[in-house]
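Peer 1: Quick one: sequence plus predicted model below, questions after.
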Amino acid sequence: MPKYKAIIEVKFKPGVLDPQGETIKNALLNLNYSGINSVSTGKLFKVELEAKTIKEAKATAESIADKLLANTVIENFTVEIEK
Amino acid sequence: MKFGVVVFPGSNCDYDAYHAIKTTGLGDVAYLWHQEHSVNDCDVVILPGGFSYGDYLRSGAIARFSPIMQAVIKFAKKGGTVIGICNGFQILLEAGLLPGAMRKNVNLRFVCKDVYLKVLNHDSRFTRNCDKSILRVPIAHAEGNYFADAETLAELYETNRIVFKYCDKDGTITNSANPNGALDNIAGIINKEGNVLGMMPHPERACELVLGSSDGRDVFESIVGSMNYEKA
């Protein structure tokens, strides 16, 4: 079976408070970086998987992200598939 | 009447809950191991505090898929009484038995202290015997910053499902009494049917005066009272 690598990015939905992002932003300002408008945090997952087609790999990765990796009450996710 | 305390790898308030039920004499109590597929003969399930599965991914995210949780979900859907405390609340949210989600505390710290809780609903299965309207109970968590979207929040208010809010010692709900940034100071909610409660504070750690407060006992007494009330 062909092997694929899924890159799954999980981010807070717009409007959901990201206390870590806020704290990092303040730290950057304290380090005298100017023009920092916002910092947001998220998670990146790399999943190596086998699937018949790239389409099937993507569907599996999306299912994994939806079911487990992201809490869709507060988070969105994106999925990219690499060969 | 029998309480079942679920034990996940990483639970650390399981014995506190077990001890609370034993010392108050409110019922029998047994542990339910996370690999079990049934809640056995338990009338009430307690999901205790701790760091189930190391809090990996998100608090409660892995625990919700454990075998025992499938049994707890079935039990709850049939109307069984379930109380999730701290990590237990986080698991109930992840399992979809309660609406909303938890974020990291707004100050990014683990907060461990006594707080005051305003009882907003005295009619629930979990608060029926709360004589006081302000309870003093400890909290100990890093992710208790409750979030729900505007629609869910409105529904929680309309259906009187916000059971506890953080308040000051006089019962006033203020920003400074909010220990974690939770939306509208929310500390505990129930589901639509009223048989599932999630709360961040630890009533099981406040069941004996020697521990500084026995206010938490009211929650467990309410559960027992409600079971008898509903049977009658």
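Peer 2: Perfect, I can see it now. Numbers count the residues shown, from 1 in each chain, chains lettered A, B, ... in the order given.
Peer 1: make it CA atoms for all contacts and neighbour counts henceforth
Peer 2: Fine.
Peer 1: Can you give me the neighbour number for residue 56?
Peer 2: Picked chain A for this. Using other Cα atoms under 10 Å in any protein chain shown, A:Glu56 has 12 neighbouring residues.
Peer 1: hm, I was asking about chain B
Peer 2: By other Cα under 10 Å, the burial measure for B:Tyr56, its neighbour count, is 12.
Peer 1: which residues make contact with the helix or strand bottoming out on mean pLDDT in chain A from outside it?
Peer 2: Taking mean pLDDT, DSSP states H and E as the measure, chain A has helix A:19-30 as its least confident helix or strand, at a mean of 93. Residues outside helix A:19-30 that contact it (Cα atoms under 8 Å, 6 or more residues apart in numbering or on different chains): A:Ile36, A:Asn37, A:Ser38, A:Val39, A:Ser40, A:Thr41, B:Lys104, B:Asn105, B:Val106, B:Asn107, B:Leu108.
Peer 1: cool, and stretch B:75-83?
Peer 2: B:39, B:43-47, B:72, B:89, B:193, B:195-199.
Peer 1: Tell me the residues of chain B that contact chain A?
Peer 2: B:57, B:61-62, B:94, B:100-101, B:104-108, B:147-148 (Cα under 8 Å from any Cα of the partner chain).
Peer 1: Quick check, B:Pro67 in contact with B:Trp33.
Peer 2: No: applying Cα atoms under 8 Å as the test, B:Pro67 and B:Trp33 come out as separate, 9.2 Å apart.
Peer 1: ok, back up a step: drop anything exposed from the contacts of stretch B:75-83.
Peer 2: B:39, B:43-47, B:72, B:89, B:195-199 (16 or more other Cα atoms under 10 Å in any protein chain shown).
Peer 1: So which of these are in strands?
Peer 2: B:Val44, B:Val45, B:Ile46, B:Leu47, B:Val196, B:Leu197, B:Gly198, B:Met199 (DSSP state E).
Peer 1: okay, these in CSV with pLDDT next?
Peer 2: Putting these into CSV (pLDDT from 0 to 100) gives the following:
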residue, pLDDT
B:Val44, 98
B:Val45, 98
B:Ile46, 98
B:Leu47, 98
B:Val196, 98
B:Leu197, 98
B:Gly198, 98
B:Met199, 98
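Peer 1: which one of those residues is nearest A:Pro2?
Peer 2: B:Leu47 (42.3 Å; Cα to Cα).
Peer 1: Run through who's touching the helix or strand of chain B with the lowest mean pLDDT.
Peer 2: Between all helices and strands in chain B, the lowest mean by mean pLDDT, DSSP H and E belongs to helix B:217-231, at a mean of 89. Residues outside helix B:217-231 that contact it (Cα under 8 Å, 6+ apart): B:1, B:21, B:24, B:26, B:125-131, B:203-204, B:206-208.
Peer 1: Only C-alpha atoms, please: export it in CSV.
Peer 2: The C-alpha trace of helix B:217-231 is given here as CSV (Å, rounded to 0.1, in the frame of the first residue of the first chain):
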residue,chain,number,x,y,z
ARG,B,217,-21.0,16.9,51.6
ASP,B,218,-24.2,18.7,50.6
VAL,B,219,-23.6,17.6,47.0
PHE,B,220,-23.3,13.9,47.8
GLU,B,221,-26.2,14.2,50.3
SER,B,222,-28.3,15.7,47.5
ILE,B,223,-27.5,12.8,45.2
VAL,B,224,-28.5,10.3,47.9
GLY,B,225,-31.6,12.4,48.7
SER,B,226,-32.6,12.6,45.1
MET,B,227,-32.3,8.9,44.5
ASN,B,228,-34.6,8.2,47.5
TYR,B,229,-36.9,11.1,46.4
GLU,B,230,-37.2,9.7,42.9
LYS,B,231,-37.8,6.1,44.1
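Peer 1: Fine, thanks again, bye for now.
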